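> Model the structure of this input:
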Amino acid sequence: MPGKDPGPQIKDKDQYEALRDKGYSKEKSARISNSKGAEKRGGSSGDYEDRSKEDLYAEAKKADIKGRSKMTKKELMHALRSN
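Numbers count the residues shown, from 1 in each chain. Just a heads-up that it's a prediction; the model follows:
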C-alpha cells in the first residue's frame, strides 16, 4: 500500500493507509478516514478474539452480514473486520 495514492476523495490519507494495512476494506477505510472526528472515536469494542462466537454473531446480525449463521468464529471475525 505505501507509495500508492488513494485519490483526492480521501481526506486523511495516512489513516486510510493504516486501516488498509490492518486489513480493512477500501470502502470501510475510506468511510472512517473521511468521517469528521474519526481520530477521537473508537477503540472501545475490544479484540474480536476475546469475544464469544455468540457475541460476534450478534454483531454480524446488526451489520446484516449475509451467511453469518454458517460461519465459524474466525469467519465471523473476518467478515466483521472487512464490513
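> Gln9 in helix, strand or coil?
Reduced to three states with DSSP: H, G, I helix; E, B strand; the rest coil, the structure at Gln9 is coil.
> Hmm, it is touching Glu27, no?
No - contact status for Gln9 versus Glu27: not in contact, 11.7 Å apart, counting by CB atoms under 8 Å. Where C-beta positions appear, they are placed from N, C-alpha and C, glycine not excepted.
> Out of these two, name the residue with the larger neighbour count.
When neighbours are counted by other CB atoms under 10 Å, Glu27 comes out ahead of the other of Gln9 and Glu27, with 10 against 7.
> who touches that one in this structure?
With contact set as CB atoms under 8 Å, 6 or more residues apart in numbering, Glu27 has no partners.
> Remind me which helix or strand it belongs to.
Here Glu27 is covered by helix 26-34, with elements defined by DSSP states H and E.
> cool, Lys74 as well?
helix 73-81.
> how far does that helix sit from the chain's center?
Using CA atoms, centre = their mean, to the nearest Å, we find the averaged C-alpha position of helix 73-81 to lie 10 Å away from the chain's own average C-alpha position.
> May I see the buried residues of it?
73, 76-77, 79-80 (16 or more other CB atoms under 10 Å).
> Run a quick neighbour tally on the nearest residue to Ser29 once chain neighbours are set aside.
Closest residue in space to Ser29, ignoring its immediate chain neighbours: Leu19 at 3.9 Å, by CB to CB, 6 or more residues apart in numbering. Residues contacting Leu19 under the criterion other CB under 10 Å number 21.
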